[in-house]
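Q: Structure for the following, please:
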Amino acid sequence: MFAKPVRGRTTADAEGDVVVLLIGMRINHFWAVHQWLPVMVAMPRMLRELARDRGRGLLGHVLLTASPRTFYVVQYWESKEKLYAYAASPDMFHHRVWALINRREREGKVRGHVGLWHEAYVVPEGSYESIYADMPAFGLAAAHGQVPVERRGRAAEDRFAHRSAKAAQDAN
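A: The predicted model follows:
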């Protein structure tokens with residue numbers, strides 16, 4: 001169940017652009033459990049749905065908390081197109097949940113008991129780097145693979161400068 005740490009320093013084996021989605025919720029009123037609990041349990045259901053169909057494009061995720069009332073997920077995707085396709089797919093749970101939220105908002109039934117947010121980023125190659133010391137694959141490395149840090153450079157500036165074979169070929 002628990003991942004074994006990889007000794008030494010490693011880095012993520014990401015190639016090309018990296019797509020990151022931060023998505024979360026904030027409990028505004030703890031007493032309104034009937035409002036925020038369904039939101040809280042929706043995310044694990046979506047993650048299970050995506051885990052059953054790797055072709056949808058979710059490469060990995062990390063569940064986090066920012067405070068006793070704020071929870072979020074860092075997600076790593078194959079592409080922004082696959083992220084959009086999942087979000088808009090009428091046969092996926094996200095689409096049904098978002099339609100319900102929008103309908104409740106139009107009907108004036110949203111009471112501000114729970115806040116929702118997301119931020120999506122496409123990080124171009126050469127604009128990200130990572131290092132892990134005595135860690136199992138985590139975050140970007142869990143999504144894209146983990147390699148010895150020497151493959152990308154011991155210094156952050158070297159890892160930022162790393163280019164995939166495709167990027168190096170396109171530059172020539």
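Q: mind showing which ranges of the protein have poor pLDDT?
A: Residues of the chain that meet the criterion pLDDT under 70 lie in 1.
Q: and with 90 instead?
A: Across the chain, the ranges flagged by pLDDT under 90 are 1-3, 100-102, 104-105, 107-111, 152-154, 158, 160-172.
Q: Please enumerate the strands of this protein.
A: 6-12, 18-27, 58-67, 70-77, 114-123, 132-135, 146-148 (DSSP state E).
Q: count of residues packed around residue 104?
A: When neighbours are counted by other C-beta atoms under 10 Å, residue 104 registers 13. Every residue, glycine included, has its C-beta placed from N, CA and C.
Q: Spatially nearest residue to it, not counting backbone neighbours?
A: Nearest residue to residue 104, sequence neighbours excluded (C-beta to C-beta, 6 or more residues apart in numbering): residue 110, at 5.5 Å.
Q: Please name the bridge partners of the residue nearest in space to the middle of the chain.
A: For the chain, the residue nearest the mean C-alpha position is residue 75 (0.8 Å; C-alpha atoms, centre = their mean). Beta-bridge partners for residue 75, by DSSP bridges, are residue 21, residue 61.
Q: And the contacts of stretch 94-111?
A: 32, 35, 42, 46, 86, 87, 88, 89, 116 (C-beta atoms under 8 Å, 6 or more residues apart in numbering).
Q: So residue 17 is in contact with residue 126, correct?
A: No - contact between residue 17 and residue 126 fails when scored by C-beta atoms under 8 Å: they sit 9.7 Å apart.
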